[in-house]
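Asks: Sequence and predicted structure are below.
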Amino acid sequence: HLVMLNAWELWRVERQSLSPSRTHDAFTNPSDLWPTLPFDLTLRCRSAFAAAQSKRPLTEFSSEVHAALTELGFEPHMRHQLEEGHVIDVAVETAGLSIAVEAERTAHFIRSSR
């Protein structure tokens, strides 16, 4: 359940940042804000989410993408974990940009209709 609360907290933060009535001061109009989780609970949720993400198996396809980027002269990083807890299959920096690559084969997106 902590992982689900973490997803809600990330959604809340994103939603708050996209609010058209928001000004630069987040506390100008408190009615625009969703209630926040207590700080200690937020940390527990983030920790649970990060632990769940780190258990995701490394796929052969991710390794192939990493190898291809290396052959192209990049210095990619496998399983790069972001501050929010998300794990990126392959991360690479180029020209001052950070690029996240989620490497999934098409079978990952196809579900049986049976």
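Replies: Nice, thanks for sending it over. Numbering: from 1, shown residues only.
Asks: Tell me the spacing between the residue positioned nearest the centre of the chain and L58.
Replies: Most central in the chain under CA atoms, centre = their mean is H86, positioned 3.5 Å from the mean C-alpha point. Distance, H86 to L58, using CB to CB, to the nearest Å: 15 Å. Any C-beta I mention is one placed from the backbone N, CA and C, and that applies to glycine too.
Asks: Who does the lengthiest strand in the chain pair with, and is each partner parallel or antiparallel?
Replies: Of all the segments of type strand in the chain, defined by DSSP state E, the longest one is strand 87-94. Applying DSSP bridges, strand 87-94 is found paired with strand 77-81 (antiparallel), strand 97-101 (antiparallel).
Asks: Can you tell me which of the ones you listed is most buried?
Replies: Highest mean neighbour count of these: strand 77-81, a mean of 15 (counted as mean count of other CB atoms under 10 Å).
Asks: which residues sit against that strand?
Replies: Identification of contacts with strand 77-81 by CB atoms under 8 Å, 6 or more residues apart in numbering yields 50, 53-54, 58, 62-63, 66, 87-92, 100.
Asks: Of these - the most surrounded one?
Replies: V90 (24 neighbours; other CB atoms under 10 Å).
Asks: Read off the pLDDT value for it.
Replies: V90 carries a pLDDT value of 92.
Asks: immediately after the least confident helix or strand in the chain by mean pLDDT, which helix or strand?
Replies: Sorting the helices and strands of the chain by mean pLDDT, DSSP states H and E puts helix 2-18 at the bottom, at a mean of 84. Downstream of helix 2-18, the first helix or strand assigned by DSSP states H and E is helix 39-54.
Asks: dump the residue contacts of L37.
Replies: By CB under 8 Å, 6+ apart, the contact list for L37 reads L5, E9, C45.
Asks: Just put these in TSV and tack on distance to S17 and neighbour count.
Replies: Shown next, in TSV, are those (distance: CB to CB, whole Å; neighbours: other CB atoms under 10 Å):
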residue	distance to S17	neighbour count
L5	19	17
E9	13	19
C45	19	22
